[in-house]
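> when you get a sec, could you give me coordinates for this:
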Amino acid sequence: MTEKTVENQLDRSRRISVAPMMDWTDRHCRYFHRLLSPHALLYTEMVTTGALLHGDVPRHLDFNGEEHPVALQLGGSEPAELAKCARLGEQWGYDEINLNCGCPSERVQRGAFGACLMAEPALVADCVKAMVDAVGVPVTVKHRIGIDREEHYGFVRDFVGAVAEAGCRVFIVHARNAWLKGLSPKENREVPPLRYEVVHRLKQEFPQLQILVNGGITTDEQVREQLAYVDGVMVGREAYHNPWWLASWERDFFDAPPRAHSRDDVEAAMAAYMARQAREHGTPWSAIARHMLGLRNGLPGARRWRQVWSDHRIKDLDPREVMDLAHRPATLAA
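Numbering: from 1, shown residues only. As a prediction, this is how the structure comes out:
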């Protein structure tokens with residue numbers, strides 16, 4: 001497969017992707033999501049440069065081969081350090097390296113990265129150029145449309161323009177400002193108003209770039225509406241809480257036949273995966289099962305099914321036994 005073919009496939013996978021989400025999109029979550037959608041681009045949780053340069057690299061970067069296409073999101077603001085970490089990501093097999101310029105949390109700000117970097121487009125450009133020079137895979141940036149109460153379009157336009165000149169061709173834009181003071185990360189996902197028209201205007205002004213939109217998108221109709229204006233849509237919490245939605249993405253957004261999986265098939269595959277992870281790595285099944293608790297949302301018996309898969313009193317059972325327990329008629333009716 002040529003490098004151009006891989007790049008084209010990655011471009012296609014960006015049509016709809018699952019956002020990087022701290023404490024959620026770990027390798028087990030991504031394995032689960034890949035069972036549901038073969039084509040959607042998946043992202044890691046943000047990994048800081050400090051964690052990679054001074055910590056346990058395999059713990060942060062190891063992933064399952066089935067997860068491809070998968071992107072590594074980095075958090076940092078030192079060009080040389082980001083270049084080293086991007087190189088590590090490429091060596092471990094990631095298909096894309098993404099720089100976080102959108103997280104508004106105070107903890108991230110103390111590390112001088114995330115959304116506060118938008119105030120320093122020249123520094124972000126230096127970071128991107130260092131990574132682009134270091135790796136052969138695409139380097140992308142995820143950011144907001146502004147910071148604090150700055151709502152002038154020129155702010156985000158100039159940011160994108162400066163970073164594009166450094167070699168970035170893909171921008172994932174959360175269509176809200178990031179308020180760096182006074183709001184929690186949760187409130188930063190809800191309080192600043194969504195302004196999709198700003199993202200649409202970026203695509204009009206930079207037609208040569210791939211512009212993807214993120215923020216508040218929870219339905220097929222919203223995805224289709226956005227795809228009329230931009231190159232791709234990134235979905236966050238709705239994908240996590242309502243994972244069966246991913247199973248329809250193949251037909252609806254990739255013009256591909258859906259995987260011939262039922263919810264039962266996916267659950268069985270996850271139970272086998274949990275057993276393998278326990279055997280090979282000592283990972284308790286409860287650390288993995290938490291990611292699939294939304295699989296049966298809206299179905300009869302779903303509440304009891306979630307209770308069984310969340311019951312730490314049965315943590316010593318084989319996950320395939322837990323699955324059988326969750327499906328016993330008497331149990332589901334309880």
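> leaving out sequence neighbours, find the closest residue to C103.
Taking C-beta to C-beta, 6 or more residues apart in numbering, and ignoring the residues beside it in sequence, C103 has G114 as its nearest neighbour in space, at 3.7 Å. C-beta: built from backbone N, CA, C; applies to glycine.
> tell me the SS of R144?
Assigned by DSSP: H, G, I helix; E, B strand; the rest coil, the conformation of R144 is strand.
> tell me the bridge partners for it.
Beta-bridge partners of R144, counted by DSSP bridges, are H174.
> how close does it get to N214?
Between R144 and N214 the computed distance is 9 Å (C-beta to C-beta, to the nearest Å).
> overlap of the contact sets of the two?
V173, H174 (C-beta atoms under 8 Å, 6 or more residues apart in numbering).
> more neighbours: the two, which one.
Legend: neighbour count by other C-beta atoms under 10 Å for R144 and N214, higher for R144 (26 against 23).
> so K84 makes contact with L53?
Yes - the criterion here is C-beta atoms under 8 Å, and K84 meets it with L53 at 6.5 Å.
> settle it for me: which of those two has more neighbours?
Shown here are K84 and L53; by other C-beta under 10 Å, K84 has more neighbours (18 against 14).
> what about that one, helix or strand, and which?
helix 79-91 (DSSP states H and E).
> mind checking how far that helix is from the chain centre?
19 Å (C-alpha atoms, centre = their mean, to the nearest Å).
> send me it as CSV with only the CA atoms.
C-alpha atoms of helix 79-91 as CSV (Å, rounded to 0.1, in the frame of the first residue of the first chain):
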residue,chain,number,x,y,z
PRO,A,79,8.9,22.0,19.9
ALA,A,80,11.9,19.7,20.6
GLU,A,81,10.0,17.6,23.1
LEU,A,82,6.9,17.4,20.9
ALA,A,83,9.1,16.3,18.0
LYS,A,84,10.6,13.5,20.1
CYS,A,85,7.2,12.3,21.2
ALA,A,86,5.7,12.5,17.7
ARG,A,87,8.6,10.3,16.6
LEU,A,88,7.8,7.9,19.3
GLY,A,89,4.2,7.8,18.2
GLU,A,90,5.2,7.1,14.7
GLN,A,91,7.5,4.3,15.8
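> could you pull up phi and psi at the residue lying closest to E90 once chain neighbours are set aside?
Leaving aside its sequence neighbours, E90 sits nearest to V135 (C-beta to C-beta, 6+ apart; 4.4 Å). As for V135, its main-chain torsions (degrees, to the nearest 10) stand at phi -130, psi 160.
> need the contact list for V135.
Counting by C-beta under 8 Å, 6+ apart, the residues that V135 touches are A86, R87, G89, E90, I97.
> just checking, what packs against whatever helix or strand comes next after the helix holding K84?
Later in the chain than helix 79-91, the nearest helix or strand by DSSP H and E is strand 96-101. Contact partners of strand 96-101 among helices and strands, from 3 or more C-beta pairs under 8 Å, 6 or more residues apart in numbering; DSSP states H and E: strand 70-75, helix 79-91, helix 121-134, strand 139-147.
> could I get these as JSON lines with distance to W249?
JSON lines is the format used below for the helices and strands packed on strand 96-101 (distance: least, C-beta to C-beta, whole Å):
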{"stretch": "strand 70-75", "distance to W249": "16"}
{"stretch": "helix 79-91", "distance to W249": "25"}
{"stretch": "helix 121-134", "distance to W249": "29"}
{"stretch": "strand 139-147", "distance to W249": "20"}
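> got TSV for those, with distance to R313 and mean pLDDT too?
Below are these laid out as TSV (distance: least, C-beta to C-beta, whole Å; pLDDT from 0 to 100):
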stretch	distance to R313	mean pLDDT
strand 70-75	34	98
helix 79-91	39	98
helix 121-134	47	98
strand 139-147	40	97
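> of these, which is nearest H312?
With C-beta to C-beta as the criterion, H312 lies closest to strand 70-75 of the helices and strands packed on strand 96-101, at 29.5 Å.
> just list whatever residues bridge to the nearest residue to E96 once chain neighbours are set aside.
Of all residues not flanking E96 in the chain, A71 sits nearest, at 3.7 Å (C-beta to C-beta, 6+ apart). Beta-bridge partners of A71, counted by DSSP bridges, are Y43, E96.
> I211 versus A71, what's the distance?
16 Å.
> follow-up on the earlier one: looking at it, the residue nearest to C103 is touching E120, isn't it?
No - G114 lies out of contact with E120 (C-beta under 8 Å); the separation is 11.7 Å.
> helix or strand with the lowest mean pLDDT in this structure?
Ranked by mean pLDDT, DSSP states H and E, the weakest helix or strand in the chain is helix 329-333, scoring a mean of 47.
> below-threshold pLDDT in the protein: ranges please.
1-6, 106-112, 260, 329-334 (pLDDT under 70).
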